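> prediction below, plus the sequence it came from.
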There are 2 protein chains.
Amino acid sequence: MAALAACSAERPAAVPAPPASPPAGMQYLYGSGEAAALSAQAYRALVAHAAERVKARPVDSVVLAAGATLAVPVFVPCGDKPFAAVFDVDETVLLNTGFEFHDARTGKGYDAAVWDAWEKTGEGAVGPVPGADRALGALRAMGVTVVFNTNRSAANADATVRAIRAAGLGDAVHGQTLFLSGDDATGSRKDGRRATIAARYCVIALGGDQLGDFSDLFNAGQAVPARRAATMQPSVASLWGDGWFMLPNPVYGSGLKGSFDDIFPTDKRWTPPVQAQQ
Amino acid sequence: MAALAACSAERPAAVPAPPASPPAGMQYLYGSGEAAALSAQAYRALVAHAAERVKARPVDSVVLAAGATLAVPVFVPCGDKPFAAVFDVDETVLLNTGFEFHDARTGKGYDAAVWDAWEKTGEGAVGPVPGADRALGALRAMGVTVVFNTNRSAANADATVRAIRAAGLGDAVHGQTLFLSGDDATGSRKDGRRATIAARYCVIALGGDQLGDFSDLFNAGQAVPARRAATMQPSVASLWGDGWFMLPNPVYGSGLKGSFDDIFPTDKRWTPPVQAQQ
């Protein structure tokens, strides 16, 4: 019987063996102390920044106003609106550990139906990004409303509220402190939802793992090198760590693009001398 | 002639075709705006931290003293020593763009002889980590000595000085502001070199992309989950962004390890319901 069960003919050809270990990006993000430190560091800076702004109310929020450009950023004014900090959810405050396990095991890549099922049923297999749970608690304790702006589906709002709570990230109410894809007609773009939030709150911090969590202007079809350069132009570079807070995500998203020509400029290439190649 | 040149028999079987695009981790680190933002954010926090410490001299440095543990960290005192900030080099202040191009094209993995050739001849194909060049300039302008502590080889000290300069990171002098593998008998471990530096300077900031850039205690053979947990225990977690500054590196190093059991705890796994798999 054991010999029969071990026979390779018993295994359906359509099911490849799972890989020996998770992809490098997942090892880094979900398993390393290095990535945990990066996240903790980002959340420390965010809370310190928020504490300063609560003490001395700023004139402007950190949400770009309609018509602003990255070269000449103009921000929605704060007025006397209550303070808020706005966060993406996935891989910003919440680690999708269970989904990524499935993804790594099967190696099938993104599938919208599977992701939808994850949104609906994943609450038992999530956790906080290191430092996020404590940071969100600290923000609320200083009177800053925590608002989530995510591309999870409005149709799954209740399940996403449960997942946020299960990750130790507190409560969220759809339309008040939770904004989702489908809340307006702009799909996965977030500027419209940010404008809605910034009309009600003085937003003193944005947190995200994708440039689209800060402005849709980064996703206007630029080439990969131009998009990177856009983040480092002086008008934008000064925002990182001073209102805009980036979390690491080398597993998926808009940062994982680019050809050899995009990633390695021709004047920064190297080939070893012949003797080193032997 | 064209047909002959295109014949596959002309191509030696030992040379596989290069991959269509660089690995995801390289796309992220060398090409994305997301990673550039993470680096700029870390350097902003580091410079702000240093400015505070220069204004109000701390009693202790941020270098662990001999006999310290991660659970009970004790630091080398500052006394009236001059201020310094200590940085790893590779993927902390300097991007090894040329080497990684070669690595991505060949897919052969790490080779000590090729890396040695890179240390010797790579100076034309490096650049600064986003934000590092400006940060190092700002530190020097406020009277903080910039010291490099790297596992590049002492035998290649002169070439490494040239590479640091070529990346726009200023000057380094071996034995004074540049410490290398081979400077002492402890190989790639950095605690001994850190002790040498902390005996001469009041070290107010450490910057690195690997946990070993902060303490060798992270590399004492812990299992992957224990190593991550070590970074998040309260005594250590409070250092990230407050003396210890992490830079992203999902391309190589001690953060890219771990089995499925290491990365995905058994209580955080998920499989889609049957209907989502069809």
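Cool, got the structure.

> and the residue nearest to A:V89 when sequence neighbours are not counted, what element?
Of all residues not flanking A:V89 in the chain, A:T150 sits nearest, at 3.9 Å (CB to CB, 6 or more residues apart in numbering or on different chains). Every residue, glycine included, has its C-beta placed from N, CA and C. A:T150 belongs to strand A:145-153 when assigned by DSSP states H and E.

> contacting residues around that strand?
Residues outside strand A:145-153 that contact it (CB atoms under 8 Å, 6 or more residues apart in numbering or on different chains): A:82-90, A:93, A:116, A:119, A:136, A:139-140, A:160, A:164, A:169-170, A:172, A:177-182, A:188, A:190, A:193-194, A:197, A:201, A:203, A:213.

> which residue is nearest the centroid of chain A?
Geometric centre of chain A, nearest residue: A:D209, 2.9 Å, by CA atoms, centre = their mean.

> so who does that one touch?
In this structure, A:D209 makes contact with A:D88, A:D90, A:E91, A:T92, A:M246, A:L247, A:P248, A:N249, A:G253, B:E34, judged by CB under 8 Å, 6+ apart.

> read off the pLDDT value for it.
Predicted confidence (pLDDT) for A:D209: 98.

> without its sequence neighbours, what residue ends up closest to it?
Closest to A:D209 by CB to CB, 6+ apart is A:N249, at 3.9 Å.

> count the neighbours of that neighbour for me.
For A:N249, the count of nearby residues is 29 (other CB atoms under 10 Å in any protein chain shown).

> mind checking how far the nearest residue to A:P58 once chain neighbours are set aside is from chain B?
Once flanking residues are discounted, A:P58 sits nearest to A:C78: 5.8 Å by CB to CB, 6+ apart. A:C78 sits at a distance of 22 Å from chain B (criterion: CB to the nearest CB, to the nearest Å).

> which element is A:G168 on?
When elements are assigned from DSSP H and E, A:G168 belongs to no helix and no strand.

> right, I mislabeled it, should have said A:T231
helix A:224-232.

> give me the contact list for that helix.
For helix A:224-232, the external contacting residues (CB under 8 Å, 6+ apart) are A:70, A:211, A:217-218, A:222, A:236-237, A:240, A:257-259, A:262-263, A:265, B:27, B:31-34, B:36-37, B:40, B:130-131.

> quick check: buried residues in that helix?
By 16 or more other CB atoms under 10 Å in any protein chain shown, the buried positions in helix A:224-232 come out as A:V224, A:R227, A:R228, A:A230, A:T231, A:M232.

> check contacts around A:L211.
A:F218, A:N219, A:R227, A:T231, A:S254, A:G255, B:G33, B:E34, B:A37.

> tell me the one of those residues nearest A:E100?
Nearest to A:E100, judged by CB to CB, of those is A:G255 at 16.2 Å.

> helix, strand or coil for A:G207?
Classification of A:G207 by DSSP: H, G, I helix; E, B strand; the rest coil places it in strand.

> which of the contacts of A:D209 has the most neighbours?
Neighbour counts for the contacts of A:D209 (other CB under 10 Å) peak at A:M246, which has 32 neighbours.

> what pLDDT does the model give A:Y110?
A:Y110 is given a pLDDT of 88.

> in what helix or strand does the nearest residue to it once chain neighbours are set aside lie?
Nearest non-adjacent residue to A:Y110, counting by CB to CB, 6+ apart: A:Y252, 7.4 Å away. Under the assignment given by DSSP H and E, A:Y252 is not contained in any helix or strand.

> A:Y252 - how many residues pack around it?
Neighbours of A:Y252 (other CB under 10 Å): 20.

> could you measure from it over to A:R193?
A:Y252 is 21 Å from A:R193, where distance means CB to CB, to the nearest Å.

> over to A:V114?
Taking CB to CB, one finds A:V114 at 25 Å from A:R193.

> swap in A:Q176?
On the measure of CB to CB, A:Q176 and A:R193 end up 12 Å apart.

> more neighbours: those two, which one.
Shown here are A:Q176 and A:R193; by other CB under 10 Å, A:R193 has more neighbours (20 against 11).

> quick check: the more buried one is in a helix.
Yes - counting by three-state DSSP, A:R193 falls inside a helix.

> what's near enough to touch the spatially closest residue to it that is not a sequence neighbour?
If the residues on either side of it in the chain are set aside, A:R193 comes closest to A:F179, at 4.3 Å by CB to CB, 6+ apart. Contact analysis of A:F179 by CB under 8 Å, 6+ apart lists A:V147, A:F148, A:N149, A:T150, A:R193, A:T196, A:I197.

> before we move on, what about A:P18?
Residues in contact with A:P18 (CB under 8 Å, 6+ apart) are A:R105, A:T106, A:G107, B:F260.

> against A:G25, how distant is the residue nearest to A:Y110?
Distance of A:Y252 to A:G25, given as CB to CB: 8 Å.

> same deal with A:D133?
Distance from A:D133 to A:G25, counting by CB to CB: 23 Å.

> in the stretch 101-250 of chain A, which spans are strands?
Along the stretch 101-250 of chain A, counting by DSSP state E, counting those that start in this stretch, strands occupy A:127-128, A:145-153, A:178-181, A:202-208, A:244-246.

> deepest of these, which one?
Compared across the strands of the stretch 101-250 of chain A, strand A:244-246 shows the largest average neighbour count, a mean of 29 (mean count of other CB atoms under 10 Å in any protein chain shown).

> any idea which helix or strand comes after it?
Next along the chain after strand A:244-246, taking DSSP H and E as the criterion, comes helix A:260-263.

> by contact count, what packs against that following helix?
Helix A:260-263 sits against helix A:224-232, helix B:97-106, with contacts defined as 3 or more CB pairs under 8 Å, 6 or more residues apart in numbering or on different chains; DSSP states H and E.

> any idea of the mean pLDDT for it?
98.

> then stretch A:139-147?
Here stretch A:139-147 scores 99 as its mean pLDDT.

> also stretch A:23-36?
What stretch A:23-36 shows for mean pLDDT is 98.

> is that stretch positioned near chain B?
Yes - interface with chain B: stretch A:23-36 contributes A:23-36 (CB under 8 Å from any CB of the partner chain).

> still on that earlier bit, right, and the helices and strands packed on helix A:260-263 - which one's nearest A:T271?
Among the helices and strands packed on helix A:260-263, helix B:97-106 sits nearest to A:T271 (CB to CB), with 5.9 Å.
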